[in-house]
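**Q** coordinates for the following, if possible.
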Amino acid sequence: MTNRLIARRTATGADAAMAAAEALEDLRSEGPAAGEAPATQLDLDDPARRSRAVRASVEASTTLLLVDGARRLVALGVFMEDESIPVPLIARLREATAGLSEARSRDLCTDLDRLSLITLSPQDGGRITLHDVLRDYCAANWARLSCASCM
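**A** Residues are numbered from 1 along each chain as shown. Below you'll find the predicted structure:
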C-alpha cells in the first residue's frame, strides 16, 4: 500500500525521496489507511471495524512473507501477553514444530519486524514484543490458520 502511495505521488513528478518521506509522515499520522479514501470513516472505537482494519493490515503484510509466514506469525499468539519473547525460544519452537533452522527463524523475525508486525530487539540473544492488538489477532486466528504440524 505504501509503495502504491509513493508510486502515485512520483507519477505526478514528485521527487521519490520526498514522496517516501511524506508517505512515512502520513503513515505516522494516519496509520495504515494513509493515502486511501475510505468509503466510511474508520471508527477504531468500534470493535468490529477495528478488527477488520487489523485483519486487513496484517493480511496485506503477511502476503509479503514466504509460504507459511502467516502461520508462524499467528503462532506467536501462544506466548504470554505483555512479555518480551526470547528469539532462541521461538527458534526452538519453530524447529520442533515446523523444521525451521534457527537461522531461518531469525530471518523470519527480521522480516516480521521489517513489516512492523513485531518489535525485534537484539538484547539478550534477541527478543521480540508483540503489540496487544496484534497478539489478540494472532490468538483469535490461530485455529483458522493452524494445522497439526504448523507453528
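**Q** where does the protein have low pLDDT?
**A** In the prediction, the chain carries residues with pLDDT under 70 at positions 1, 32-44, 67, 143-151.
**Q** work out which residue lies at the spatial centre of it.
**A** Central residue of the chain (C-alpha atoms, centre = their mean): Leu117, 2.4 Å from the mean position.
**Q** am I right that it is in contact with Ser61?
**A** Yes - using C-beta atoms under 8 Å, Leu117 is in contact with Ser61, at 5.8 Å. All C-beta spots, glycine's among them, are computed from the backbone N, C-alpha and C.
**Q** for this protein, which segments count as strands?
**A** 85-86, 119-121, 127-129 (DSSP state E).
**Q** would a markdown table of those with distance to Ala17 be doable?
**A** Shown next, in a markdown table, are the strands of the chain (distance: least, C-beta to C-beta, whole Å):
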| stretch | distance to Ala17 |
| --- | --- |
| strand 85-86 | 36 |
| strand 119-121 | 26 |
| strand 127-129 | 30 |
